[in-house]
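just the structure for this:
(one chain, ligands or ions: 1)
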Amino acid sequence: MTILVTGGAGFIGSNFVLEWLAHSDEPVVNLDKLTYAGNLENLRAAQVNPAHLFVHGDIGDRTLVQQLLDKQAPRAIVHFAAESHVDRSIHGPREFIDTNVLGTFNLLEETRAFLRKIGDAAREAFRFVHVSTDEVYGSLAPGDAPFRETSPYSPNSPYAASKAASDHLARAYRETYGVPTIITNCSNNYGPYQFPEKLIPLVILNAISGKPLPVYGDGGNVRDWLFVQDHCAALRLVLARGRPGETYNVGGASERTNLDVVKAVCALLDEAKPNRKKDHAELISFVADRPGHDRRYAIDAAKISRELGWRPAESFESGLRKTVAWYLDNPEWVAHVVSGAYRGWIDKNYGKRGPA
Ligand SMILES: NC(=O)c1ccc[n+]([C@@H]2O[C@H](COP(=O)([O-])OP(=O)(O)OC[C@H]3O[C@@H](n4cnc5c(N)ncnc54)[C@H](O)[C@@H]3O)[C@@H](O)[C@H]2O)c1
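Model (predicted):
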């Protein structure tokens, strides 16, 4: 038995792979293109583990995906691979369509073909977990009820639209072809190994080096926050016991304004580095809002809690404390990411050709 993970060198995917190997003996094949967001240093602990096979490649590469499925015969796919940064999608949406829409389409097509080749029992047991975002639901007004699995799709950024399209494809492949897809829509994740273009690591790293802490608009945009390991636990449950054809919303019941998040990081850094002359919050700098900036997201996670017994183990406060501590304790990882040196990791560890 083995599972195939896509995008397992990124933020959530690498946390998932590391946790998978810690929780299970079942091998994991990890297909990742290693874009700027993919970092094999995240997987340092898995590198020597024979249960982890890294494959450098694109989910959009039809031949590669077909050969990988035929050769590895996974019992499940957990699909993380995506372009994931909203700001980048505003400046250059094409890669988001290529990977998130066409890449997912390719993966579903090849999965459909693979399922035709395997026996009834293996097909019955197979699962395709499609990892998606709460951003597909659009924006909430202050008093609105949180998003449920039945909330209408209303994506506002090219990123959200590309994820919405991939969700629709995942659903359609179940309805039309019987590919046993399960969709998860999760709120904002934070935790170890997050690339410092996203709010929390950006603020931690800027604050440590005394740089301005950019906050969009008035800082009043609200997001629900979930510690990444809680998301990984939810995905393991969905894989084990989720029902094909269903969608599960995953969230931390931790709505915070961006400004509150930034201030919370600053307070933890003040505590960790008490000798600084100024409070870190003095570095906060409001910048022009981004276009189509959703005002509020909130998730109703009652279904996954009721059906699968999932609950987050971390509060926002405890998860954020762990996250700040992780970035302070891992200066080498941070330095390599900031300098771009993490890209040399492939050559150094696998030779010029890259991992097989
Ligand atoms: N980060 C969040 O807060 C969040 C919340 C909910 C859902 N999600 C979803 O979870 C998934 C993972 O998010 P993340 O934050 O870890 O993203 P990330 O940007 O950190 O990682 C994405 C990974 O996918 C890889 N990748 C990109 N294009 C690829 C391709 N064509 N073929 C193979 N690999 C490719 C990258 O190299 C990288 O390792 C995404 O699908 C995202 O939409 C993220």
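
number of nearby residues for the residue nearest to residue 3 when sequence neighbours are not counted?
Using C-beta to C-beta, 6 or more residues apart in numbering and skipping residues adjacent in sequence, the residue nearest residue 3 is residue 76, 4.7 Å away. Placement of C-beta: from N, CA and C, glycine included. Residue 76: 19 surrounding residues under other C-beta atoms under 10 Å.

do residue 337 as well
The burial count for residue 337: 23, using other C-beta under 10 Å.

report pLDDT for the residue in the stretch 201-350 of the chain that the ligand sits nearest to.
Closest to the ligand within the stretch 201-350 of the chain is residue 231: 7.3 Å, counting by C-beta to the nearest ligand atom. In this model, residue 231 is scored at 98, pLDDT.

equivalent analysis for the one 3 residues further on, please.
Here, the pLDDT recorded for residue 234 equals 98.

nearest spatial neighbour of the residue in the chain positioned nearest to the ligand, chain-adjacent residues omitted?
Relative to the ligand, the nearest point of the chain is residue 10 (2.0 Å; C-beta to the nearest ligand atom). The spatial neighbour of residue 10 that comes closest, neighbours along the chain excluded (C-beta to C-beta, 6+ apart), is residue 37 at 5.1 Å.

list the buried residues for the longest helix along the chain?
Ranked by residue count under DSSP state H, the longest helix found in the chain is helix 158-177. Residues of helix 158-177 classed as buried by neighbour count (16 or more other C-beta atoms under 10 Å): 158-167, 169-171, 173-174.

who in the stretch 101-250 of the chain is up against the ligand?
Residues of the stretch 101-250 of the chain that fall close to the ligand, judged by C-beta under 6 Å from any ligand atom: 103, 131-133, 163, 186, 188-189, 195.

mind picking the two most distant members of those residues?
By the measure C-beta to C-beta, 103 and 188 form the most distant pair in those, at 22.5 Å.

ramachandran coordinates for residue 245?
phi 90, psi -10 (degrees, to the nearest 10).

same thing with the one 10 residues further on?
Main-chain dihedrals, residue 255, degrees, to the nearest 10: phi -80, psi 130.

list the contacts for it?
Residues in contact with residue 255 (C-beta atoms under 8 Å, 6 or more residues apart in numbering) are 222-224, 296, 298.

alright, that wraps it up for me.
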